[in-house]
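> got a sequence here, can you model it:
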Amino acid sequence: MPKRAMTRRTARRAVAVLALTVVALVAFASPAWAHAVLVSSTPNAAQILETTPDEIRLEFSEAVEANLGSVRLYDEDGARLGLTAVSTGPDDVVHATVPEQLGDGSYVVTWRVISADSHPVRGAFTFQVGTASDATSPQLEDLARRLTDEQSGDRLVGVLLGIGRWGVFAGIAALVGGLAFVSFVDRAARGARWARRLVWGGWGVCLGATAVGLLLLGPYGAGVGLGEVFDTSLLGDVLSSRYGLAWLARVVVLLAAIPLVRALLATRDGTRPRAQRVVPALGIGLAVVLAVTVALAGHATTGDYVPAAFAADVLHVGAMAVWVGGLAMLTFVALASGDVERLEVVLPRWSRVALCSVAVVVVTGTFQGWRQVGSLDALRDTEYGRLLIIKVLLVAIMLLLAFRARRTVWLLHWWWNERKERASSAAPPRADEPLVVQGGADDAPDGDAEAYQMDETDDFEVDDRRELRVLRRGVAVEVLLSVLVLVVTALLVNSVPAKTATGLTAEGATGVTLQSADLWIEVDAAPARAGANDIHAYTLSPEGSPVPVEELSVTFELPRLRIAPIEVPLRMLTSFHGYSPGFDIPIAGDWHVTARARLNEFDETTLEGTIEIR
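Model (predicted):
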């Protein structure tokens, strides 16, 4: 096939892959809601105060950022009242000072903070000063629901941020994997046009996606629309957060790495041996730093075993980049060259590098999956778990293709060695003549005797160029699958971890999200220990928006010890939020929870699950 036609065909495939990526992210990406639990508040929900509180104090089950969206106070008419000095300290406690005296009446507190893994958390509760009004009246419930809905976030912002996350992953893969390939696998590829396009394209995509992400993180965290993307105050809030600083650091590192990328793509290594050693080492450092910026703004910073999880995430991102970026370089550069003598050296090297990368990806991915899921039920019943299953299946298909490719590479390597041995003892065969190996099973590669059992008179003919074409098509399929894996990874980063969604990781609180196709009921208990617990129950849509109900009931039972269902005396703070302070859970164990929600006169939903009380 002419090179120009091949280039056009490659371009069409790239456009098709990009379109598929955008469709997948638009279909599934949306603002993700983390499940950091509100452990306690001052004032308490539905509390009746005699005087104005000095501050609104919110304590969460994990560290949060309060500078985006933050805490708001409204009176019973929906007028927003001023709060000042909103801050966190310690990391899991948010303070908001009340600057003026509040008159007798009912008030609504809404909060929207950012969890440690960069996802927004929101909620609302009511309290009252004096006895002139009722904080649990239906009118106030409707007001709280409306105010909470206003902070639900813009789906378009979530979609664009999801695409940006995918761009970061894809860019790092092309940049780091491409540089690793030309540095340690195929140095002759440095001068290839497609090699430079892949590396610099990855650099540009990563830089652009990071810059766009920095602008989108503000509206995403504050729950506002795309029109606020250039709001300097939001950008300032983002840059004062840990995840914002991580994204900014990535921009700085990418810009500072321009001379290093040029040096690694230089067709000559230079005359100084020290430079030949230092430049690749700096390239490894670049890969590590980029992986660190990804880990700092993801799920690795929350949950159990954070130090080990952080290290595993850095290794996972780095190994993924070497594998995926290397596959692209192998497809579009090395195999496309058709240079058999060059491939005799390149393919065995790549096979070893890919094997090590895959091993790291599988080990670290398994650890992270176990840490973030926690149980088979969570794997099956949560969005995160289902996405993880899809990712595992895609990676499994890639591994099967990689195993087949590695076997082909190994056999090609053996055939080429056999050809060299024949050439050293006889006249060399013509270039267009297939290799003919005479012999039986003893002539086959070690370990493959059963696959190549032949009689003494059998001929074993091999067309290595045909095998290389088949190998290239197989590797191209791996590249396509890797793009889909990165899409699923971007969606995973934008999803609540399964273990968090089922309430198994929160310190000082626990919860369970009971799910059906149309309604979710989240039941939280704090401090999740035997004795008095504050119980919260929320009715939500599968997208995370509040769903008003006419009646909500929750029972706890422990069949193992024959403890019959205990009714939780819920007080409906809003039409989607029930609250029971000081509910007594007598002993520790895995309690069976049953929640019933009556949506209207005709529709009722009953959901069941398990909640852990320590």
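> next up, the contacts around Leu393.
Applying CB atoms under 8 Å, 6 or more residues apart in numbering to Leu393 gives no contacts. Quick note: C-beta positions are derived from backbone N, CA and C, even for glycine.
> now the host helix or strand of it: mean pLDDT?
In the assignment (DSSP states H and E), Leu393 maps to helix 383-425. Helix 383-425 carries an average pLDDT of 77.
> stretch 140-150 now?
For stretch 140-150, the mean pLDDT works out to 74.
> same question for it: list its buried residues.
Applying a neighbour-count criterion of 16 or more other CB atoms under 10 Å, one finds 140-141, 143-145, 147-148 buried in stretch 140-150.
> quick one: the helices in the stretch 201-350 of the chain?
Along the stretch 201-350 of the chain, the stretches classed as helices by DSSP state H, counting those that start in this stretch are 232-239, 242-256, 258-264, 273-296, 306-329, 335-337, 340-373.
> can you list the domains in the protein?
If you go by automatic domain parsing, the domain ranges for the chain are 3-30+155-427+465-498, 38-149, 508-613.
> now do the last one, average pLDDT.
Spelled out, it's domain 508-613. Mean predicted confidence for domain 508-613 is 86.
> just give me the neighbour total for Thr366.
When neighbours are counted by other CB atoms under 10 Å, Thr366 registers 12.
> swap that for Glu344, please
For Glu344, the count of nearby residues is 17 (other CB under 10 Å).
> quick thing: my sequence starts at 173, can you match it?
Yes, from this point I'll number from 173; that puts the last item at Glu516.
> correct me, but Val371 touches Ala345?
No: at 11.0 Å, Val371 does not count as touching Ala345 under the criterion of CB atoms under 8 Å.
> what's near enough to touch Ser713?
Counting by CB under 8 Å, 6+ apart, the residues that Ser713 touches are 690-692, 719.
> now with 6 Å?
Val719 (CB atoms under 6 Å, 6 or more residues apart in numbering).
> could you list which residues are in contact with the residue nearest the centre of the chain?
For the chain, the residue sitting closest to the mean C-alpha position, by CA atoms, centre = their mean, is Val665 at 1.8 Å. By CB under 6 Å, 6+ apart, the contact set of Val665 is 337, 470.
> buried ones in stretch 399-413?
Applying a neighbour-count criterion of 16+ other CB under 10 Å, the buried positions in stretch 399-413 are 400-401, 406-407, 409-410, 413.
> before we move on, back to that, okay, the buried residues of stretch 312-322 in TSV with secondary structure next?
Below are those laid out as TSV (DSSP: H, G, I helix; E, B strand; the rest coil):
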residue	secondary structure
Leu312	helix
Glu313	helix
Leu315	helix
Ala316	helix
Arg317	helix
Leu319	helix
Thr320	helix
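> just the residues you listed now: which is nearest Gly646?
Of all the buried residues of stretch 312-322, Gly646 sits closest to Thr320, with 51.1 Å by CB to CB.
> low-confidence ranges, the stretch 323-472 of the chain, go.
Low-confidence segments of the stretch 323-472 of the chain (pLDDT under 70): 323-325, 440-449.
> please repeat the previous calculation with a cut-off of 50.
443 (pLDDT under 50).
> let me see the ranges of the strands in the stretch 573-722 of the chain.
Using DSSP state E, counting those that start in this stretch, the strands assigned to the stretch 573-722 of the chain run over residues 607-610, 631-634, 682-687, 692-698, 703-712.
> number of nearby residues for Trp763?
Trp763 has 23 nearby residues by other CB under 10 Å.
> how about Ala689?
So Ala689, with other CB under 10 Å, has 7 neighbours.
> what values do phi and psi take at it?
Phi and psi for Ala689, reported as degrees, to the nearest 10, are phi -70, psi -30.
> what do you get for Leu437?
For Leu437, the backbone dihedrals (degrees, to the nearest 10) come out as phi -90, psi 0.
> was I right to think it contacts Arg362?
Yes: with contact defined as CB atoms under 6 Å, Leu437 reaches Arg362; the gap is 5.4 Å.
> how near is the closest residue in space to Leu407 that isn't next to it in sequence to Leu398?
Excluding the flanking residues, the one nearest Leu407 by CB to CB, 6 or more residues apart in numbering is Gly390, at 5.5 Å. Applying CB to CB, to the nearest Å, the value for Gly390 to Leu398 is 11 Å.
> Arg743 versus Arg327, what's the distance?
Arg327 sits 33 Å away from Arg743, going by CB to CB.
> check contacts around Pro718.
Applying CB under 6 Å, 6+ apart to Pro718 gives the contacts 317, 320, 748.
> now the second one, nearest residue through space, not along the chain?
Counting by CB to CB, 6+ apart, the nearest residue to Thr320 once its immediate chain neighbours are dropped is Ala296, at 4.8 Å.
> tell me who's in contact with the one you found.
By CB under 6 Å, 6+ apart, the contact set of Ala296 is 282, 316, 320.
> nearest to Val331, of those?
Looking across those and measuring by CB to CB, the closest to Val331 is Thr320, at 21.7 Å.
> can you tell me the SS state at the residue nearest to Thr320?
Assigned with three-state DSSP, Ala296 falls in the strand class.
> again with the one 4 residues further on
Reducing the assignment to helix, strand or coil with three-state DSSP, the entry for Gln300 is strand.
> now the strands: where do they sit in the stretch 173-322 of the chain?
210-214, 220-221, 227-232, 236-247, 252-253, 256-260, 265-269, 277-287, 292-301.
> got the contact list for the second one?
Meaning strand 220-221. Applying CB under 6 Å, 6+ apart, the external contacts of strand 220-221 come out as 215, 300-301.
> state the mean pLDDT of that strand.
On average, the pLDDT along strand 220-221 is 84.
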